[in-house]
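the following block contains a protein sequence and its predicted model.
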Amino acid sequence: MQPVLFVSDLHLAPERSAITGRFFRFLREEARGAAALYILGDLFERWLGEDEADDPFNRGLLDRLGELAGSGVEISLIHGNRDFLFSDRAAARAGVRLIPDATVCKLFGVRTLLMHGDTLCTDDVRYQRYRARVRRPGVIRAFLALPRSIRRAIGGGLRRMSTGEKRIKAPTIMDVNSGAVEATLRAHGYPRLIHGHTHRPSRHVHVVDGHVCERLVLGDWYERGSYLRCDERGCEAVILD
C-alpha cells in the first residue's frame, strides 16, 4: 500500500528560497509515491487575504501543489497560526482539501487525530487570548476589508512582536500542556495524535484513563525539511537532505 505523508510548519516565503526549492523537490519526488499528503498548518509564513493567491511566489506554490494533486495524490491542509486566512478558493485552485483542526481519520486501521497543535499550548495564556481575538468573524471581516498594504504592515508588525516574545518566553510555556493533551485525547476517544506547531519533533506516549496513546510531533522546515511517513507498519520520521 502507498504511504501517507505528513508535514507541518514549513513557513514558506520568498526570502527562504533554498527550503522552498527543497519543498518543491519533495513534491516532485517523495510525495509522488504517496497516497495522500497532509499539511498540518503553517505552509505559508503569512497569508493575509484572498489577493495573496495573486502573489507570484504564492501562485507558484499553489501551482506545484496542483501538479501533485493532479497526479492523484490527495492533499489535505489544516490551518496554522500563520495561514489561518487561507481560503477555500485558494485551496481549490491548488487542488487542496481544507479540513478542520482536530480531524479524526482512520490511518491504516488506527484512529488518528490530526491537529496543528497550537490549541494544546494552553500555558501560553497570552497567545491563546490573542488567537481567540484574531479569529473572531468580525475581526476577520474588518481585517480583510483593509487595503493589502495595510494588511501586510499589520502582519509584519505582529510577526516581529511574536519573534520578540519567543525570545523572552520560557520554552516550556510554548510547548503543549500535558493536561490539555490528555483532555483532547479523552474527548476524541483515545486516538493516536499527530500535530506540529511546537517545532519539537518527537514521539511521546500518554497513558490516559488506562489507554496508551501515541503522540507524534512534526518538525519544522526552518533549517532543513522533514516529514512523517506512515504505512501499515507504523510511522517514522524522515529527515531530508
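All right, it came through fine.

name the surrounding residues that touch the helix or strand where Ser149 lies.
Secondary structure from DSSP states H and E places Ser149 in helix 148-168. When contacts are defined by Cβ atoms under 8 Å, 6 or more residues apart in numbering, helix 148-168 is touched by residues 45-46, 48-49, 51, 126, 143-144, 146, 174. For the C-beta atoms, the positions are set from N, CA and C on the backbone; glycine is no exception.

export that helix as CSV, just CAs?
As requested, C-alpha coordinates have been extracted for helix 148-168 and formatted as CSV (Å, rounded to 0.1, in the frame of the first residue of the first chain):
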residue,chain,number,x,y,z
ARG,A,148,-3.4,45.0,1.1
SER,A,149,-0.6,47.3,2.0
ILE,A,150,-2.1,47.9,5.5
ARG,A,151,-2.8,44.2,6.0
ARG,A,152,0.8,43.5,5.2
ALA,A,153,2.1,46.2,7.5
ILE,A,154,-0.1,44.8,10.3
GLY,A,155,1.0,41.3,9.6
GLY,A,156,4.7,42.3,9.6
GLY,A,157,4.2,44.1,13.0
LEU,A,158,2.6,41.0,14.5
ARG,A,159,5.3,38.8,13.2
ARG,A,160,8.0,41.0,14.8
MET,A,161,6.1,41.0,18.0
SER,A,162,5.8,37.2,18.0
THR,A,163,9.5,36.9,17.4
GLY,A,164,10.3,39.2,20.3
GLU,A,165,8.0,37.3,22.7
LYS,A,166,9.6,34.0,21.8
ARG,A,167,12.9,35.3,22.9
ILE,A,168,11.7,36.1,26.4
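
what about the residue nearest the centre of the chain, distance to Ile78?
Most central in the chain under Cα atoms, centre = their mean is Gly41, positioned 1.5 Å from the mean C-alpha point. With the distance defined as Cβ to Cβ, to the nearest Å, Gly41 ends up 5 Å from Ile78.

and what of Gly189?
19 Å.

name the residue in the two with the higher neighbour count.
Ile78 (25 against 11; other Cβ atoms under 10 Å).

ok now do the more buried one, which residues does it touch?
Neighbouring residues of Ile78 by Cβ under 8 Å, 6+ apart: 38-41, 98-101, 103, 114-116.

what's the PyMOL line that selects buried ones from these?
Listed next is the PyMOL selection for buried residues among these, using 16 or more other Cβ atoms under 10 Å:
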select buried, resi 38+39+40+41+99+101+114+115+116
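
now stretch 197-206 - C-alpha only, CSV.
Backbone C-alpha positions of stretch 197-206 (Å, rounded to 0.1, in the frame of the first residue of the first chain) are rendered in CSV as follows:
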residue,chain,number,x,y,z
HIS,A,197,3.4,23.9,15.8
THR,A,198,5.9,23.4,18.7
HIS,A,199,8.8,22.7,16.3
ARG,A,200,9.9,19.9,18.7
PRO,A,201,9.8,16.7,16.6
SER,A,202,9.5,13.6,18.8
ARG,A,203,7.4,10.6,19.8
HIS,A,204,5.5,10.6,23.1
VAL,A,205,3.3,8.1,24.8
HIS,A,206,0.5,9.2,27.0
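
now do it: everything it contacts.
With contact meaning Cβ under 8 Å, 6+ apart, stretch 197-206 is reached by 8-9, 41-42, 80-81, 116-118, 120-121, 174-176, 178, 181-182, 185, 212-220, 222, 226, 237.

pLDDT of it, averaged?
Throughout stretch 197-206, pLDDT has a mean value of 97.
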